[in-house]
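Peer 1: my questions concern the predicted model and sequence given below.
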Amino acid sequence: MLKEERQAYIIHQINIHNKVLSSDLSVQLNVSEDTIRRDLNELAESGQVLKVYGGALSRSFQYPFQEGNVYAKEAKKEIASKAITLIKSGMTVLVGGGTSMIELARLVPKDVQCTFFTISPLVALELAEKENIEVILLGGKLSRNTNVVTGSQVINELSEIKVDLCLLGTNSLSVEEGITDSDWEVVQIKKAMIKCSKKLGVLSIVEKLNSNQKMRVCPLKDINYLITDLDPKHPSLKDFSNQITVI
């Protein structure tokens, strides 16, 4: 594989999953980790990715307010517009972080009266623009890699609440493994979020479906709603729609 092809693959993986690990890319591309590190350094120097210890991050995930940065922005807007239909006045809603969640926060109708809990300062800022919504930002250590709060303090706070609906983004989702992730701290937070929720909705662009990361968040059966950018009757969603509600 040529360097240009290799780097195009790396960028695509970062855009889909928001981050990549050098060790994983080395196995996937069958090259040394030194080669991957050189590729990531070049991509970082050209401003296409953000280099971090052990891998790289998506620029759109780190800087979602910069126009032109967000990957699959129109698809995420479509997903957000579908997810909004699950939110009704009087509900208590818990939302995660990420670019799809920011789009959802922007689309919440002004006449909806809800209480929103969130682990994302960026999502909280968008929700705070809605005058009929009470916004509660859970406190903890802010992860620079994910722009959400993590740690035992957040898990303790989540254990003390019960919400009607939890809406989460995901790095990977499959019928076999359910929601998976590569960040240990994020996995623990998501598990705590799911535990305190009556219903769970997962927002995902179709490119993240049928992929797996190293750590499991929950099996597919724990999900009530899957919201994607495709028509719910699309053939590629059949395996999911046989088990859960696809929107």
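Peer 2: Yep, that arrived.
Peer 1: show me the contacts for the spatially most central residue of the chain.
Peer 2: Residue closest to the average C-alpha location in the chain (CA atoms, centre = their mean): residue 169, at 3.1 Å. Applying CB atoms under 8 Å, 6 or more residues apart in numbering to residue 169 gives the contacts 96, 97, 98, 99, 100, 101, 202, 203, 204. Placement of C-beta: from N, CA and C, glycine included.
Peer 1: neighbour-wise, which one of those residues leads?
Peer 2: residue 100 (31 neighbours; other CB atoms under 10 Å).
Peer 1: and after the helix or strand harbouring residue 7, which helix or strand comes next?
Peer 2: Assigned by DSSP states H and E, residue 7 falls within helix 3-17. Sequence-wise, the next helix or strand downstream of helix 3-17 (DSSP H and E) is strand 19-21.
Peer 1: and that following strand, which strands flank it?
Peer 2: Counting by DSSP bridges, the strands paired with strand 19-21 are strand 55-58 (antiparallel).
Peer 1: which outside residues touch the strand it pairs with?
Peer 2: By CB under 8 Å, 6+ apart, strand 55-58 touches 10, 14-15, 18-22, 24-25, 40, 43-44, 49-50, 71, 145.
Peer 1: averaged pLDDT, that strand. What do you get?
Peer 2: On average, the pLDDT along strand 55-58 is 88.
Peer 1: do the same with stretch 151-167
Peer 2: Here the average pLDDT along stretch 151-167 is 97.
Peer 1: and that stretch, what's buried?
Peer 2: Neighbour counts over stretch 151-167 (16 or more other CB atoms under 10 Å) mark 154, 155, 157, 158, 163, 164, 165, 166, 167 as buried.
Peer 1: do stretch 5-12 as well
Peer 2: For stretch 5-12, using 16+ other CB under 10 Å, the buried residues are 6, 7, 9, 10, 11.
Peer 1: same check on stretch 233-247?
Peer 2: With burial defined by 16+ other CB under 10 Å, the residues of stretch 233-247 counted as buried are 237, 240, 244, 246, 247.
Peer 1: go on, stretch 35-49?
Peer 2: 35, 36, 37, 39, 40, 43, 44, 48, 49.
Peer 1: low-confidence ranges in this protein?
Peer 2: Scanning the chain for pLDDT under 70 picks out 60-69.
Peer 1: and residue 216, what element?
Peer 2: Going by DSSP H and E, residue 216 is in strand 215-218.
Peer 1: which positions in that strand come out as buried?
Peer 2: Buried residues in strand 215-218 (16+ other CB under 10 Å): 215, 217, 218.
Peer 1: again with stretch 77-90
Peer 2: So, applying 16+ other CB under 10 Å, buried residues of stretch 77-90: 77, 78, 79, 80, 82, 83, 84, 86, 87.
Peer 1: I'd like these as TSV, with secondary structure appended.
Peer 2: Output for these, formatted as TSV (DSSP: H, G, I helix; E, B strand; the rest coil):
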residue	secondary structure
77	helix
78	helix
79	helix
80	helix
82	helix
83	helix
84	helix
86	helix
87	coil
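Peer 1: circling back to that earlier point, mind pulling up the phi and psi values for the closest residue to the residue nearest to the centre of the chain other than its chain neighbours?
Peer 2: Excluding the flanking residues, the one nearest residue 169 by CB to CB, 6 or more residues apart in numbering is residue 98, at 3.9 Å. As for residue 98, its main-chain torsions (degrees, to the nearest 10) stand at phi 110, psi 170.
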